[in-house]
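[1] Need a 3D model of the following:
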Amino acid sequence: MPSRRALGLLLNAAHTMDHLVLLVFASAVSSIASDLGLARWEDLMPYTAGAFLMFGLGSIPAGRLGDLWSRRKAMLVFFFGTGASCMLVAACQSAWQLALALTLLGTFASIYHPVGIPMLLRDAVRPGVAIGWNNLAGNLGIALAALLTGLIVQWAGWRAAFVLPGLLTIALGIAFARVAAEEPHSAAGRARAKQSGAVSLSPAVRRALVVMTIAASMGSILFNFTTNGNTELFRERMSLSLPDPVAIGAALGVLYTLAAVSQVVVGHLTERVSLRPLFMSIVACQTFFLLLASQAEGWWFYLAALGFMASIFGAIPFTDTIVVRYVDDSLRSRITGLRIGIAFVVSSCAVGLLGPLVKAAGFSQSLLLLAALSVLTLTAIWALPRQLDRQPMPKA
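    A predicted model of the protein is given here:
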């Protein structure tokens, strides 16, 4: 039990680092652009699109590695590859070097979701609660990226903001190697040993996964656009209340931490109420608060931002809940990898277009566009099978 508890803590810490390292760039983009000789931060944002593209595409082969090779070994590749990539980013001297190093970082970071989450949930007694806490850990990484990057950049420069998380990720990898037991068989191998015949998915589960992938793609666009753009959005909307980068980082850190608690609440709710109406209610809140934020400034904007971030974060646990309820463990890494691959390849466009879109239309129009995407997500969720309740549907 102590080893299992330590393994769970390390897997949750890995989720924290996974999101933290990907968002250091967005939190420090103004300083990086100035250091590299670019006049505007918007001109540098497209160079990070490769990181989020590979964060999606890399999930597909990572999922296969998790099911067919070894989840433990794949996670070791995640820890050490991500840490080394952070060091490489810190050594970059031009925008194109930065683009290549960030793309490599996104490739290694892509391993976590299709491998680490199924590893965490394999023996979970209350998977909804475990998903909620794991997602909270991931979004604390977003909060720490906003909070710590501003401090580190001000005191030690943007390069140190990548070096320190890189070293911490490698240290966590060393601890993981000591705690995680060797796996005599892969997840797929264990399934073959227990039963004869191929594991399959029922038509209802297939339909649910298709709908959730579409909804998750829209949600990933909202997630990537806001988490990558909030630093500059806050700089514009709260310039009088938050006059310097450290104050903005602290305000974002508090906002992300408060918003992330929604995932623990949703994790508990998924074990008590029907998934479909719960998911639709949360996405409807996204639409409302994005519309409100598009017109608000100052501390009224901060309250609206807390609302839309809490509802964006709160929608994240649903796909993992469906996978862990209705998909056999031998398929979970591949299903998760495919879903994340599609969602993040689509949403990587949001990161690439963030700078040009804001430069051309401003943040108000951009937030209205995100509200429209929330409405599309509601339409997709309407197609979820109505038998999605707290009692699992058959897996095959």
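
[2] only C-alpha atoms for contact and neighbour calcs from this point on.
    Will do.

[3] which residues touch stretch 70-77?
    Here stretch 70-77 makes contact (C-alpha atoms under 8 Å, 6 or more residues apart in numbering) with 62, 65-66, 108, 111-112, 115-116, 119, 173, 176-177, 180-183, 185-187.

[4] Which PyMOL command selects the buried ones in those?
    Buried residues within the contacts of stretch 70-77, by 16 or more other C-alpha atoms under 10 Å, are selected in PyMOL with:
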select buried, resi 62+65+66+108+111+112+115+116+119+173+176+177+180+186+187
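
[5] and after the helix or strand bottoming out on mean pLDDT in the chain, which helix or strand comes next?
    Ranked by mean pLDDT, DSSP states H and E, the weakest helix or strand in the chain is helix 187-194, scoring a mean of 50. As assigned by DSSP states H and E, the chain's next helix or strand after helix 187-194 is helix 203-237.

[6] where does the stretch 151-300 of the chain dip in pLDDT?
    184-201 (pLDDT under 70).

[7] from what I can see Val89 touches Leu102, true?
    Yes. Assessed by C-alpha atoms under 8 Å, Val89 is found in contact with Leu102 at 6.4 Å.

[8] who's more crowded, those two?
    Leu102 (26 against 23; other C-alpha atoms under 10 Å).

[9] any idea how far Val264 is from Arg325?
    17 Å (C-alpha to C-alpha, to the nearest Å).

[10] Please disregard the earlier target; I meant Leu370.
    Counting by C-alpha to C-alpha, the gap from Leu370 to Val264 is 24 Å.

[11] for Leu255, same thing?
    Noted for Leu255: a distance of 16 Å to Val264, by C-alpha to C-alpha.

[12] Thr48: what secondary structure?
    Under the three-state scheme (DSSP: H, G, I helix; E, B strand; the rest coil), Thr48 adopts helix.

[13] That one touches Ala99, doesn't it?
    Yes. If you go by C-alpha under 8 Å, Thr48 and Ala99 touch, sitting 5.8 Å apart.

[14] Compare the two (neighbour count), which wins?
    For Thr48 versus Ala99, the count of surrounding residues by other C-alpha under 10 Å is larger for Thr48: 26 against 21.

[15] who's in contact with Tyr256?
    Asn139, Leu140, Ile142, Ala143, Leu306, Met309, Ala310.

[16] Excluding chain neighbours, what is closest to Gly150?
    Val246 (5.0 Å; C-alpha to C-alpha, 6 or more residues apart in numbering).

[17] Next, count neighbours for that neighbour.
    Around Val246 sit 19 other residues, with neighbours defined as other C-alpha under 10 Å.

[18] Any chance of the backbone angles for Leu240?
    Note on Leu240: backbone dihedrals following degrees, to the nearest 10 are phi -80, psi -40.

[19] Which parts of the stretch 1-150 of the chain are helices?
    2-35, 49-57, 59-68, 71-90, 95-109, 112-121, 127-156 (DSSP state H, counting those that start in this stretch).

[20] closest one to Trp299 among those?
    The closest of those to Trp299 is helix 127-156. By C-alpha to C-alpha, the value is 18.2 Å.

[21] buried residues in the following helix or strand past the closest one?
    Later in the chain than helix 127-156, the nearest helix or strand by DSSP H and E is helix 158-179. Residues of helix 158-179 classed as buried: 158-163, 165-167, 169-170, 172-173, 176-177, 179 (neighbour count, 16+ other C-alpha under 10 Å).

[22] and what of stretch 221-236?
    Those would be 221-235, for stretch 221-236 by 16+ other C-alpha under 10 Å.

[23] same deal with stretch 119-134?
    Here stretch 119-134 shows Met119, Leu120, Leu121, Pro127, Gly128, Val129, Ala130, Ile131, Gly132, Trp133, Asn134 as buried, counting by 16+ other C-alpha under 10 Å.

[24] picking up where we left off before, which one of the buried residues of helix 158-179 is nearest Leu151?
    Distances from Leu151 to these, taken by C-alpha to C-alpha, are shortest for Ala161, at 8.8 Å.

[25] where's the closest one relative to Pro245, distance?
    Taken as C-alpha to C-alpha, the span from Ala161 to Pro245 is 14 Å.

[26] ok, Phe79 - how many residues close by?
    Here the count is done by other C-alpha under 10 Å, and Phe79 has 27 residues near it.

[27] Check it and give its pLDDT.
    Note on Phe79: pLDDT of 97.

[28] Excluding sequence neighbours, find me the nearest residue to it.
    Using C-alpha to C-alpha, 6+ apart and skipping the chain neighbours, the partner closest in space to Phe79 is Gly173 (4.9 Å).

[29] residues contacting the one you found?
    Gly173 touches Leu76, Phe79, Phe80, counting by C-alpha under 8 Å, 6+ apart.

[30] Which residue is the nearest non-sequential neighbour of the last one?
    Nearest residue to Phe80 in three dimensions, chain neighbours excluded: Ile170, at 5.3 Å (C-alpha to C-alpha, 6+ apart).

[31] looking at it, the one you found is touching Cys86, isn't it?
    No. Assessed by C-alpha under 8 Å, Ile170 is found out of contact with Cys86, at 10.2 Å.
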